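J.: Here is a sequence together with a model predicted from it:
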Amino acid sequence: MAAVSTAAFIESHTDAPDHELAAALTRTAGELALRMRNEGLETSQKTSVSDVVTQADMAAERFVAETLEALRPDDGILGEEGAAKESTTGRTWVIDPVDGTYNFSCGSDYFCSALALVDGAPSAPASILTSAVMRPALDTTWVAHGGTSERNGERLPHLENAPLNQLALATYLHPRDMENAEIRDAWMRAASQAATVRMWGAGSVDLATVASSGIGGWIQHSVADWDWLPGKALVEGVGGKAIKVDAGGVTWCVAGNEQLVDEVEALLAE
């Protein structure tokens, strides 16, 4: 059945431009994951009890990778669950089949499927050509392309500048990092100055929410490319700022309106 669905998807998206293909891939991958969860899943630990992978992650990534092999055969592929292919075009599709897998495995709706198409090395791309984040439980898809960001096909408004102390900050800090004084202190310098802090555990959903003005900003350290690039493009597409900052012996990803990001950067650097 999955092979038939993949073949049908490929046939119906042969002429789709990159941003439409990105949106359709994340929508189908997200819906596949949600359907598989509803039918029952096996979950395996990767590095810890909160770092897990499910059959849905694997199936969703396999669908995306197989489709890209057919429709964009010369582009590279980098997937969280191991899909990998060298690029001959300089372009690479970075795939996160299920972001927020721990939430997903526990029955929470705070998860998504995400991907980004980059020009250059994913670790430091020259540009992000398009990205998509799909939150299946809410039937909501965000897409960045052409210097703009959209939610369910409607262009998102420009982010207005506002200070950190007037806005909520989405973040994540693993419990083991709370024992690391350098990391903890850097995080506290920024988080303690926010109006309030929220920790939900799915970076691409957090960043899409920042782009939608649903939360003020986002900060997390040691973020994987697939957790950063899709949302980074969304935030930048609404005039926001998304940067990396070295502090506390790690590299932090920070996103939000320009004023907030500048404040967080300065606080981390103290």
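T.: Structure's in. What do you need? Numbers count the residues shown, from 1 in each chain.
J.: tell me the contacts of residue 77?
T.: 65, 68, 69, 83, 84, 85, 92, 93, 95 (Cβ atoms under 8 Å, 6 or more residues apart in numbering). C-beta coordinates here come from the backbone N, C-alpha and C atoms, glycine included.
J.: rerun that using 7 Å as the cut-off
T.: Residues near residue 77 by Cβ atoms under 7 Å, 6 or more residues apart in numbering: 65, 68, 83, 84, 85, 92, 93, 95.
J.: Equivalent analysis for residue 185, please.
T.: Per Cβ under 7 Å, 6+ apart, neighbours of residue 185: residue 248.
J.: Name the next helix or strand following the helix or strand harbouring it along the chain.
T.: For residue 185, the element it lies in under DSSP states H and E is helix 181-191. Counting by DSSP H and E, the next helix or strand C-terminal to helix 181-191 is strand 196-198.
J.: what sits up against that next one?
T.: With contact meaning Cβ under 7 Å, 6+ apart, strand 196-198 is reached by 168, 169, 170, 171, 191, 215.
J.: let's go with 6 Å and repeat that
T.: 168, 169, 170, 191 (Cβ atoms under 6 Å, 6 or more residues apart in numbering).
J.: Tell me the buried residues in that strand?
T.: Buried residues in strand 196-198, defined by neighbour count with 16 or more other Cβ atoms under 10 Å: none.
J.: Do me a favour and average the pLDDT over whichever helix or strand comes after it.
T.: Sequence order places helix 203-211 as the next helix or strand after strand 196-198, per DSSP H and E. Over the span of helix 203-211, the pLDDT mean works out to 98.
J.: Report all helices and strands that helix 203-211 contacts.
T.: strand 112-119, strand 127-135, strand 217-221, helix 225-236, strand 250-256 (3 or more Cβ pairs under 6 Å, 6 or more residues apart in numbering; DSSP states H and E).
J.: I'd like these written out as CSV, with mean neighbour count, distance to residue 40 and mean pLDDT added.
T.: Formatted as CSV, the helices and strands packed on helix 203-211 follow (neighbours: other Cβ atoms under 10 Å; distance: least, Cβ to Cβ, whole Å; pLDDT from 0 to 100):
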stretch, mean neighbour count, distance to residue 40, mean pLDDT
strand 112-119, 29, 19, 98
strand 127-135, 25, 22, 98
strand 217-221, 27, 31, 98
helix 225-236, 27, 26, 98
strand 250-256, 22, 34, 98
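J.: Dump those to TSV, plus distance to residue 105.
T.: Listed next are the helices and strands packed on helix 203-211 as TSV, based on distance: least, Cβ to Cβ, whole Å:
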stretch	distance to residue 105
strand 112-119	14
strand 127-135	16
strand 217-221	20
helix 225-236	17
strand 250-256	24
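J.: between the ones you listed, which one is nearest to residue 164?
T.: Residue 164 lies closest to strand 217-221 among these, at 7.0 Å (Cβ to Cβ).
J.: What lies in contact with the closest one?
T.: Residues from elsewhere that reach strand 217-221 (Cβ under 6 Å, 6+ apart): 169-172, 190, 206-207, 210, 250, 252-256, 260, 264.
J.: That strand pairs with which strands, parallel or anti?
T.: Sheet pairing of strand 217-221 (DSSP bridges) gives strand 168-171 (parallel), strand 250-256 (antiparallel).
J.: Tell me how far it lies from the chain's centre.
T.: The chain centre lies 12 Å from the centre of strand 217-221; the measure is Cα atoms, centre = their mean, to the nearest Å.
J.: Right, I'll call it a day here.
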